[in-house]
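Asker: A structural model of the following input is requested.
(2 chains)
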Amino acid sequence: MSARERARAAASIPAATAPALQVSHLACGYGGASVLDDVSFSLGCGRALVLLGPNGVGKTTLFKTILGFLPRIAGDVRIEGEDVRGWTRKRYARSVAYVPQTHDSAFGFTVREMVLMGRTPTLDGLAGPGREDERIADAAIDELGLAALADRDCTTLSGGERQMVLIARALAQEPRLLVMDEPCANLDLGNQVVVLKRILALVERGLAVVITSHDPNHAFLLGSDVVCVGRGSGVTAGAARDVLTADALGALYGVEVGVGEVGGSEGKRGTACTPFLDSERIDL
Amino acid sequence: MAAEPLVGTAAVARDELSPACSAAPACAPVEGSVRTARKLGGTPAKGLVRVPSAADGAPSVRRRKALVLVALTALVVASFLFSLTLGRYDMDFGQLLALLAAPFSGSAEATDANVFFTIRLPRVLAALVVGAALSGAGCAFQGIFKNPMVSPDLLGASAGACFGAALGILLSFGSLGIEIAAFAAGVAAVLVSYGLSSVIGRRMSGVLVLVLSGLVVGNLFQAFTSAVKFLADPNSQLPEITFWLMGGLSSVREGDLVGLLAAFAVGTVGIMVLRWRLNVMALGDEEALSLGVNVKRTRLAVIACATLLTSASVAVAGMVGWVGLIVPHLARFLVGSDHRALVPASMLLGGAFLMLVDDVCRSVYTTEIPLSILTAILGAPLFVYLICRQRKSL
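Answerer: Residues are numbered from 1 along each chain as shown, chains lettered A, B, ... in the order given. A predicted model of the protein is given here:
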């Protein structure tokens, strides 16, 4: 216990000053051949960042490199100001939680068991989770409004519910940085709103959140920063409303895109983008 | 569909609120808070009413699993005692008690003691240990390979052990020599599988390459076994090999137990220690990595323990199919997928299962029925039934 607390206390020292995630001059790819070069951006605590880009451009590669699943070819990744070079998986998992896009387990773990697995990186040695871990997991389940589903088999849940379970598991991990792979993929509009609101709530709690998405509207909705990974055009980073202009989106996806203000009831306003079907494909 | 998670939560919240409110009259308006809960995307409104929490259900789940494990332990003890009384030499519970008390009272019949300690007790113990070992190994393999259709011989442990035993018989080893050869060859086959997979699969998904390597090595060792059979003396050695491969516990004596129990103890401790990690491994490599687990090292440790269990079992009992595949499935119906309860439940259930199957083997017919015949006859339909049940629940 004391070792665990000490580790946590030590981890919290640089957090106040350093950005949650800092990527500088990163080159990443498979087996030494780089797909992306010279990627730099940083993300503060209590901020969200949406990673945008067309299919096959290396978004996933970048994403996996930040998570430490793939070795870096060049450059640095710093998490809470610490260079991740030489970090063990356990050290990684104490700062960074990962919410995968889909989870198709062959086994019917219950929601409670699934969320409890988030406690694994904090366990000493090979021990299993204890009562305190169960309490933290149950709190995460409650926080996401999953209490009624706690003993349900995850494989019987809907896509939106399953996404919530994975977010709860990530919360039980008590990370500083949350990395989500297309959290809104395969979700209908209503469930997308539920998930995005949840992400905003986490950001307001001080978490740094990185999500990948195929819908630039998610960046508008979150009011987040974006990193656009384009084909050949390199990487642009900045606030969504500055970076995601009609021209930039058009160049990014190779179609004509319109960006504009949309009004709702009671004076609600939002920014949205839409592609045009009759647009000529812009040659890249 | 859109609001499914929210409505589900809110509806249950309403159900559970009414009794809570009647019990505590100080509770605030129910309707309003439920509506808030729905509006906030399932976040229960705090403070107003006692909100149902995930922690409420935890003790009952824990109690249920503990109860199942106690019941399974009782089943093992009952099957053990029952099996000890069973056999061609009649022995009732009274004689059994007299024998167990003999070291203290010094009054037991010599024939009873002879039959009991040299033949029956070793045999029943072997059935218990082999059943538990194969089920535990199967459970562990299903976890690390993320596939409930996997059996403990996936990486060639059984095929290797069979080859080792056949070779031992061909070279006219004694019974202990045959066992050692079988155990060594079983371990060797898995080492070859693992080595092959790390040579060819540096960049590919670890699990897939491992399964394919296991397939190759398993088939190769089966061919080796056929070669040994081909070379064996058709009048004496060939039937011996054939019977050995069918599996059975009739030749187990006290001396065989030492090695089996040692391997069982090491393998079981290993898998029990790693059983929380098995849960995380079952999520897949990337998720396990993101949860701080050293996937490669954990997988290697689990494979080592499971191989120890499987090879030692096959060395003593020959080929005993189906147990390692079926029993973890049955256990999953009883305690769910959490390996913390699943591993002990599988091992207990497997031990009881094999003791009872062996009882049938040695008592229904004048000559003994080979163990693998019966496990297959029982296992195959049971497996089909389990698949059907699983399909219905999905």
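Asker: From here on, just use CA atoms for contacts and neighbour counts.
Answerer: Noted.
Asker: So which residues make contact with the strand or helix carrying B:Gly255?
Answerer: Element membership of B:Gly255, judged by DSSP states H and E, is helix B:254-273. Under the contact criterion Cα atoms under 8 Å, 6 or more residues apart in numbering or on different chains, helix B:254-273 has outside partners A:126-127, B:117-119, B:122, B:126, B:129, B:133, B:136, B:140, B:176, B:301-302, B:304-306, B:308-309, B:312-313, B:316, B:340, B:343-344.
Asker: List the buried residues in that helix.
Answerer: Neighbour-count burial for helix B:254-273, counted by 16 or more other Cα atoms under 10 Å in any protein chain shown, picks out B:256-257, B:259-261, B:263-265, B:267-268, B:270-273.
Asker: follow-up on the earlier one: pull out the buried members of the contacts of helix B:254-273.
Answerer: For these, a burial check counting by 16+ other Cα under 10 Å picks out B:119, B:122, B:126, B:129, B:133, B:136, B:140, B:301-302, B:304-306, B:308-309, B:312-313, B:316, B:340, B:343-344.
Asker: out of the residues you listed, which touch chain A?
Answerer: The overlap between the buried ones among the contacts of helix B:254-273 and the neighbours of chain A (Cα under 8 Å from any Cα of the partner chain) is empty.
Asker: Among these, name the ones in helices.
Answerer: Among the buried ones among the contacts of helix B:254-273, the members found in helices (DSSP state H) are B:122, B:126, B:129, B:133, B:136, B:140, B:301-302, B:304-306, B:308-309, B:312-313, B:316, B:340, B:343-344.
Asker: The chain - how does it break down into domains?
Answerer: Because you didn't say which chain, this covers chain A. Annotated domains of chain A cover A:2-244, A:245-284 [automatic domain parsing].
Asker: Chain B, not that one
Answerer: Split into domains by automatic domain parsing, chain B comes to B:4-54, B:65-393.
Asker: Kindly provide the distance from the closest residue to A:Tyr253 other than its chain neighbours to A:Gly145.
Answerer: Nearest residue to A:Tyr253, sequence neighbours excluded (Cα to Cα, 6 or more residues apart in numbering or on different chains): A:Pro54, at 5.7 Å. Taking Cα to Cα, to the nearest Å as the measure, A:Pro54 falls 34 Å from A:Gly145.
Asker: who has more neighbours, the two?
Answerer: For A:Pro54 versus A:Gly145, neighbours defined as other Cα atoms under 10 Å in any protein chain shown are more numerous around A:Gly145 (32 against 16).
Asker: phi, psi of that one?
Answerer: Main-chain torsions, A:Gly145, degrees, to the nearest 10: phi 70, psi 30.
Asker: quick one: secondary structure of B:Leu249?
Answerer: Following DSSP: H, G, I helix; E, B strand; the rest coil, B:Leu249 is assigned to coil.
Asker: and what of B:Tyr365?
Answerer: Three-state call for B:Tyr365 (three-state DSSP): coil.
Asker: Just give me the neighbour total for it.
Answerer: For B:Tyr365, the neighbour count with other Cα under 10 Å is 9.
Asker: Same check on A:Ile199?
Answerer: By other Cα under 10 Å, neighbour count at A:Ile199 equals 23.
Asker: mind listing what it touches?
Answerer: Counting by Cα under 8 Å, 6+ apart, A:Ile199 makes contact with A:Val209.
Asker: Enumerate every residue touching the closest residue to chain B within chain A.
Answerer: At 3.8 Å from chain B, A:Lys90 is the closest residue in chain A, using Cα to the nearest Cα. Applying Cα under 8 Å, 6+ apart to A:Lys90 gives the contacts A:Pro121, A:Thr122, B:Leu291, B:Gly292, B:Val293, B:Asn294.
Asker: Could you do B:Asp233 as well?
Answerer: B:Leu170.
Asker: again, but for A:Ala140
Answerer: A:Ala140 makes contact with A:Val115, A:Ala168, A:Arg169, A:Leu171, A:Ala172, according to Cα under 8 Å, 6+ apart.
Asker: Could you find the closest non-adjacent residue to the first one?
Answerer: Residue nearest to A:Val115 in three dimensions, not counting chain neighbours: A:Arg169, with 4.0 Å by Cα to Cα, 6+ apart.
Asker: for B:Ile369, helix, strand, or coil?
Answerer: Classification of B:Ile369 by three-state DSSP places it in coil.
Asker: got the contact list for the residue nearest to A:Tyr253?
Answerer: Counting by Cα under 8 Å, 6+ apart, A:Pro54 makes contact with A:His214, A:Val229, A:Gly230, A:Arg231, A:Leu252, A:Tyr253.
Asker: Out of these, list just those in helices.
Answerer: Of the contacts of A:Pro54, the ones assigned to helices by DSSP H are A:Leu252, A:Tyr253.
Asker: Any chance of the contacts of A:Pro54 in a markdown table with neighbour count and pLDDT as columns?
Answerer: Shown next, in a markdown table, are the contacts of A:Pro54 (neighbours: other Cα atoms under 10 Å in any protein chain shown; pLDDT from 0 to 100):
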| residue | neighbour count | pLDDT |
| --- | --- | --- |
| A:His214 | 16 | 93 |
| A:Val229 | 22 | 91 |
| A:Gly230 | 24 | 87 |
| A:Arg231 | 19 | 82 |
| A:Leu252 | 24 | 91 |
| A:Tyr253 | 20 | 90 |
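Asker: ends of stretch B:99-113, how far apart?
Answerer: Distance between the two ends of stretch B:99-113: 7 Å, counting by Cα to Cα.
Asker: one step back: to A:Leu207, which of the domains of chain B lies closest?
Answerer: domain B:65-393 (17.0 Å; Cα to Cα).
Asker: Show the average pLDDT along that closest one.
Answerer: Across domain B:65-393, the average pLDDT comes to 90.
Asker: residues of the host helix or strand of B:Leu330 that come out buried?
Answerer: Assignment of secondary structure by DSSP H and E places B:Leu330 within helix B:323-335. Within helix B:323-335, the residues scored as buried using 16+ other Cα under 10 Å are B:Val323, B:Gly324, B:Leu325, B:Ile326, B:Val327, B:Pro328, B:His329, B:Leu330, B:Ala331, B:Arg332, B:Leu334, B:Val335.
Asker: check those against chain A, which are close?
Answerer: Among the buried residues of helix B:323-335, proximity to chain A is found for none (Cα under 8 Å from any Cα).
Asker: Roughly how far does the residue of chain A closest to chain B sit from A:Leu177?
Answerer: Distance, A:Lys90 to A:Leu177, by Cα to Cα: 14 Å.
Asker: wait, doesn't B:Arg299 sit right on B:Gly143?
Answerer: No - counting by Cα atoms under 8 Å, B:Arg299 does not reach B:Gly143; the two are 9.8 Å apart.
Asker: Among the two, which residue is more densely surrounded?
Answerer: Comparing B:Arg299 with B:Gly143 by other Cα under 10 Å, the one with more neighbours is B:Gly143, at 28 against 21.
Asker: Could you find the closest non-adjacent residue to the more buried one?
Answerer: Once flanking residues are discounted, B:Gly143 sits nearest to B:Ala282: 4.9 Å by Cα to Cα, 6+ apart.
Asker: Now the one you found. Its backbone dihedrals?
Answerer: Main-chain torsions, B:Ala282, degrees, to the nearest 10: phi -70, psi -10.
Asker: And for it, the neighbour number?
Answerer: Applying other Cα under 10 Å, we find 25 other residues in the vicinity of B:Ala282.
Asker: was I right about it contacting B:Phe141?
Answerer: No - contact criterion Cα under 8 Å: B:Ala282 and B:Phe141 do not qualify, at 9.7 Å.
Asker: Great, nothing more from me.
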